[in-house]
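Engineer: Need the 3D shape of this:
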Amino acid sequence: MQSQPTDPSDFANPNFVRTDAAHPSETSAHPSEMLLNEPTIFSSQFIDCMEMNADAQTVAQYLDVHQDWFHRCAHPMHVESIGQNSYALTIGHFGAFGYDVEPKVGLDLLPQQEGIYRIETVPVPGEVPLGYEVDFQAALELVEHPSQFDPAAKMTQVQWQLDLKVAIQFPRFIHALPDSLIQKTGDRILRQVVRQVSRRLTHKVQEDFHSSRHLSLPKRSRRKLL
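Structural biologist: Just a heads-up that it's a prediction; the model follows:
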C-alpha cells in the first residue's frame, strides 16, 4: 500500500484526496458527530473581462438564451437544470488529510437589467447537507466601445466581478492543525479553484459566441484575482 503524505502543503493540492482511516476514531463516527458546529469561512473575489467582437445588443441576445450555451460551456463540470434560469453545478473532488468534498452549487442566472446580469446562489432541490455552504454573488456588465482595428465596428467588454464565500464544517481531526494554516491554505485552494473554473468557462463562452456568429476570436483579456 502506498504511504500517505503528511506535509501540510498537500492541503493546497486540489488533486490530493485521502479517504483512508488515518484517524479511525473520527472517520468511523457518524458524519454529524465528526463535524464541529462552528464553520470555517473562506472567501475570494475575482475580477474578469472578456472581449466580444460584436455590439452589446448582439452579445446580450446570446447571453439571454443561456439555455443554449451554459451546459456545453460548463463541460466537463456536471450541470443539471433545476429551474427556468437556474442550474446545479458540480465542481469536482477536492480534499486533503482525510477530508473529501465534491462541491455542488445552485446558480440562478437572473435576466439582465439595463445591460447588467447577476448570478446568485440558490438551493439545490433535494440536496442533503454535507457540511458546507456556498454564497456565490456575481455581476456582469456589458460595455460597448469602438473596435481598435475598425473604428466603424463595435466591440463589447463583458466585465464581471465575483464575490464568493464558502463555509465548511470540518471534521474534528482537521482542527488539530493550526487555525492559521487551515485558513491560509483554504483561501488559497478557493482562489485556485475559482481561477481555474473562471478561465475555462470564460474562454469556452468566448469561443462558443464567436463560432456561433462566425466571428474572429479576440485575444484573451487580462484577469485579476484579489
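Engineer: okay, CA-based contacts and neighbour counts for the rest of this
Structural biologist: OK.
Engineer: worst-scoring helix or strand of this structure, pLDDT-wise?
Structural biologist: The weakest-scoring helix or strand in the chain, judged by mean pLDDT, DSSP states H and E, is helix 24-27 (a mean of 40).
Engineer: Quick check: the residue minimising distance to the centre of the chain vs V79, distance?
Structural biologist: Closest to where the C-alpha atoms of the chain average out (C-alpha atoms, centre = their mean) is V194, at 4.8 Å. V194 sits 17 Å away from V79, going by C-alpha to C-alpha, to the nearest Å.
Engineer: can you give me the strands in the chain?
Structural biologist: Applying DSSP state E to the chain gives strands spanning 40-52, 78-81, 86-90, 94-96, 99-101, 104-109, 116-122, 132-146, 154-168, 224-225.
Engineer: Nearest to H175, out of those strands?
Structural biologist: The closest of those to H175 is strand 40-52. By C-alpha to C-alpha, the value is 10.1 Å.
Engineer: Which strands or helices does the closest one pack on?
Structural biologist: The contact analysis (3 or more C-alpha pairs under 8 Å, 6 or more residues apart in numbering; DSSP states H and E) places strand 40-52 against strand 154-168, helix 179-212, strand 224-225.
Engineer: Parallel or antiparallel, list what pairs with that strand.
Structural biologist: Its sheet considered, strand 40-52 pairs with strand 154-168 (antiparallel), strand 224-225 (antiparallel) by DSSP bridges.
Engineer: residue ranges with poor pLDDT in the protein?
Structural biologist: Residue ranges of the chain with pLDDT under 70: 1-37, 92-101, 219-226.
Engineer: For the residue with the largest distance to the centre of it, which residues are in contact?
Structural biologist: Within the chain, A152 marks the point farthest from the mean C-alpha position, 36.7 Å out by C-alpha atoms, centre = their mean. The neighbourhood of A152, defined by C-alpha atoms under 8 Å, 6 or more residues apart in numbering, consists of P146.
Engineer: Now it, what are its backbone angles?
Structural biologist: The phi/psi pair for A152 (degrees, to the nearest 10) reads phi -80, psi -10.
Engineer: Quick one: the helices and strands packed on strand 40-52 as JSON lines, columns for distance to Q61 too.
Structural biologist: What follows is these, written out as JSON lines (distance: least, C-alpha to C-alpha, whole Å):
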{"stretch": "strand 154-168", "distance to Q61": "13"}
{"stretch": "helix 179-212", "distance to Q61": "10"}
{"stretch": "strand 224-225", "distance to Q61": "27"}
